[in-house]
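Visitor: have a look at this fold, sequence not included:
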C-alpha cells in the first residue's frame, strides 16, 4: 500500500478559496456563464456567493426568470448579418435555439440551475437598490434567494474572494 | 503510465492516481481507494458507485453530478454530503473511472 498513488483532494487543509460572482445582466446568454462557472467552483469545494444586481435581477425575479431572452443585436459573435438582428422574430428564434442547444447537453433551465447551485451550497443575494428600483420584495424573488442586501454588505462578506463581474 | 499496487494487485493509474482500466476495478479496490481519501463507504455511497460503473459501461463517459442526480436519482445535496467538497472527483476516483469531462 505504501507505493499507492493517491490524488490530493485537498481534504486536510481548508483552502479558504471563495468566488464572488456579480450578475448584472439579465439576458439568457449572460446568466449561463455565471451558473456554469459557479457550479464548477462549488464542485471543487470553493465557496460561492452570487449577487444579482441591475438587469441581473431578471434572473431571480419570479416574473421574468423563466422567460429570459437571447438577442443577437449587438453581438457580433453570432456571425449573422447585423441588420437581421432587430427584425421581428429573430430574438425569439435565437432564444429558442440557444435553449435547445443547452437542453440537448442536459444543461438545466434557469430555475432548475439555481436549484442546483443552492443544493451545491451557493449563497444567492439580491441587490437592495435593484429591489427598491423595481418595487420588489423577497417574496417576489426566486425562493432560494438568501436575502436582499446592500452593496457594502456584499463587499464585506466577500472579503478575500476572487471576483467575477458578468 | 504508472502502475500502483492496491489490495495486492498491480493497477494501472494516471499521474494523479485515477484508475485507467475499467476492468481492473472491483469492490475491494473501491474500499481501498475510499479509505485512501478518507471516505467511509455506506450503502448510499455504493448506490452512487454502482450507478457510475453502469452508466460508464453504457455511455463510455463518467456521468457528471447533474447526471447522477437526474438519471441516477441521487440528489445533489446528498452527493455533496457523501463525497464532501469535491464530489465529482471523489466519486469517480472510488468508482475507478476518469474524472467527468462535462461542465454541468
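Guide: Alright, I've got the coordinates. All values reported here derive from a predicted model rather than from experimental measurement.

Visitor: quick one: the helices in the chain?
Guide: With no chain named, the answer covers chain A. Taking DSSP state H as the test, the helices found in chain A are A:28-43, A:90-104, A:110-119, A:128-133, A:151-157.

Visitor: not what I meant, chain B
Guide: Going by DSSP H, chain B shows helices at B:27-36, B:43-59, B:65-70, B:76-82, B:87-94.

Visitor: for residue 85, which non-adjacent residue is closest in space?
Guide: Picking chain A for this. Computed as C-beta to C-beta, 6 or more residues apart in numbering or on different chains, the closest residue to residue A:85 that is not its neighbour in sequence is residue A:73, at 4.0 Å. All C-beta spots, glycine's among them, are computed from the backbone N, C-alpha and C.

Visitor: you looked at the wrong chain, it should be chain B
Guide: Closest to residue B:85 by C-beta to C-beta, 6+ apart is residue A:45, at 3.3 Å.

Visitor: tell me how many other residues surround the one you found.
Guide: Number of residues near residue A:45 (other C-beta atoms under 10 Å in any protein chain shown) recorded here: 20.

Visitor: same deal with the one 3 residues further on?
Guide: Residue A:48 sits with 24 neighbouring residues when counted by other C-beta under 10 Å.

Visitor: residues contacting the residue in chain A that chain B sits nearest to?
Guide: Closest contact between chain A and chain B, by C-beta to the nearest C-beta, is at residue A:45 (3.3 Å). Neighbouring residues of residue A:45 by C-beta atoms under 8 Å, 6 or more residues apart in numbering or on different chains: A:10, A:15, B:84, B:85, B:86.

Visitor: lowest-confidence stretch among the helices of chain A?
Guide: The weakest mean pLDDT among the helices of chain A belongs to helix A:90-104, with a mean of 90.

Visitor: tell me the angle that one makes with helix A:28-43.
Guide: 20 degrees (axes from the mean of the first three to the mean of the last three C-alpha atoms, to 10 degrees).

Visitor: how about helix A:90-104: buried residues?
Guide: A:90, A:91, A:94, A:95, A:98, A:99, A:102 (16 or more other C-beta atoms under 10 Å in any protein chain shown).

Visitor: can you redo the helices of chain A as JSON lines with distance to residue A:60?
Guide: Below are the helices of chain A laid out as JSON lines (distance: least, C-beta to C-beta, whole Å):
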{"stretch": "helix A:28-43", "distance to residue A:60": "10"}
{"stretch": "helix A:90-104", "distance to residue A:60": "19"}
{"stretch": "helix A:110-119", "distance to residue A:60": "7"}
{"stretch": "helix A:128-133", "distance to residue A:60": "10"}
{"stretch": "helix A:151-157", "distance to residue A:60": "14"}
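
Visitor: which of the ones you listed sits closest to residue A:63?
Guide: helix A:110-119 (12.2 Å; C-beta to C-beta).

Visitor: and the direction of the closest one versus that of helix A:28-43, what angle?
Guide: Angle between the axes of helix A:110-119 and helix A:28-43 is 20 degrees (criterion: the same axes, to 10 degrees).

Visitor: please compute how far helix A:110-119 lies from its chain's middle.
Guide: On the basis of C-alpha atoms, centre = their mean, to the nearest Å, helix A:110-119 sits 9 Å off its chain's mean C-alpha point.

Visitor: residues of it that come out buried?
Guide: Buried residues in helix A:110-119, counted by 16+ other C-beta under 10 Å: A:110, A:111, A:113, A:114, A:115, A:116, A:117, A:118, A:119.
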